[in-house]
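*Asks:* Give me the fold of what follows.
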Amino acid sequence: MSAALISILAPIAAKVGADLIGKVLGGRFGEIGGDLVEAVIGEVAERAGVAPEKLPDLPGEQLENAVSQAEDFMPELIELWSKGLSGQFALLQAEQKEGLWVSGWRWGWMYLLGLMWFVRLMIVPVADALTGADIASGMDLGVMMTLTTWFISLYMGGHTVKALGTTAIDAVKAMRGAK
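*Replies:* Numbering: from 1, shown residues only. A predicted model of the protein is given here:
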């Protein structure tokens with residue numbers, strides 16, 4: 001969805017002289033600027049008064065006005081993004097300075113959860129099929145999902161869980177709509 005919106009918004013930004021938006025959408029900030037691109041698209045959508053998915057449906061003049069209005073907010077948006085990036089690097093440096101034992105729980109849980117999911121989804125069904133056993137019934141996916149959600153919320157923050165939940169809800173809605 002993002003690439004489609006970028007292809008719509010970038011020419012409009014060039015047309016109305018929104019240089020900062022054009023640079024962000026043009027990938028000048030590299031791969032790490034993906035969050036900034038999403039923020040810019042969200043800001044344009046907010047100025048237009050619609051959800052980002054509805055931007056392609058708007059008339060050109062309304063999109064031009066929204067891009068122009070969002071351009072005025074770009075210095076503050078870039079500054080907030082930059083501060084967030086600085087905070088991430090500061091956290092990384094602090095974790096590296098503390099050593100493996102202080103931040104090791106994150107790595108340990110990450111690999112333990114990865115192993116648990118791999119075993120449950122890849123190995124257990126094969127073992128059940130080959131041996132006729134019912135190992136899968138003893139490995140509750142609900143408990144595994146709860147543990148995974150706790151880890152995600154502690155390690156990555158509550159917004160990650162919120163985004164994951166929103167994505168899951170959208171996927172379920174799409175599946176139900178496809179039937």
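
*Asks:* give me every residue that touches Lys162.
*Replies:* By CB atoms under 8 Å, 6 or more residues apart in numbering, the contact list for Lys162 is empty. For the C-beta atoms, the positions are set from N, CA and C on the backbone; glycine is no exception.

*Asks:* That one: which element?
*Replies:* helix 158-178 (DSSP states H and E).

*Asks:* got it, and Asp128?
*Replies:* Assigned by DSSP H and E, Asp128 belongs to helix 124-131.

*Asks:* Could I have the CA atoms of that helix written out in CSV?
*Replies:* C-alpha atoms of helix 124-131 as CSV (Å, rounded to 0.1, in the frame of the first residue of the first chain):
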residue,chain,number,x,y,z
VAL,A,124,5.3,-31.7,15.6
PRO,A,125,2.9,-32.1,12.7
VAL,A,126,5.5,-34.3,10.9
ALA,A,127,6.1,-36.3,14.1
ASP,A,128,2.4,-36.8,14.6
ALA,A,129,1.9,-37.9,11.0
LEU,A,130,4.8,-40.4,11.1
THR,A,131,4.2,-41.9,14.5
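
*Asks:* Only the buried residues of that helix, if you could.
*Replies:* Using 16 or more other CB atoms under 10 Å as the test for burial, helix 124-131 gives Val124.

*Asks:* How far off centre is the next helix or strand after that helix?
*Replies:* Next along the chain after helix 124-131, taking DSSP H and E as the criterion, comes helix 141-156. Averaging C-alpha positions (CA atoms, centre = their mean, to the nearest Å) puts helix 141-156 17 Å from its chain's average.

*Asks:* Helix 158-178 and helix 141-156, what's the angle between them?
*Replies:* 140 degrees (axes from the mean of the first three to the mean of the last three CA atoms, to 10 degrees).

*Asks:* any low-confidence regions in the protein?
*Replies:* 1-2, 28-32, 102, 157-160, 178-179 (pLDDT under 70).

*Asks:* Domain parsing of it, as residue ranges.
*Replies:* As recorded under automatic domain parsing, the domains making up the chain are 1-98, 99-179.

*Asks:* returning to what we had before: just give me how far the helix holding Asp128 sits from the chain centre.
*Replies:* With CA atoms, centre = their mean as the basis, helix 124-131 stands 35 Å off its chain's centre.

*Asks:* Identify the residues contacting that helix?
*Replies:* With CB under 8 Å, 6+ apart as the test, helix 124-131 has contacts from 133-136, 139.

*Asks:* try 10 Å
*Replies:* Under the contact criterion CB atoms under 10 Å, 6 or more residues apart in numbering, helix 124-131 has outside partners 118-119, 133-139.
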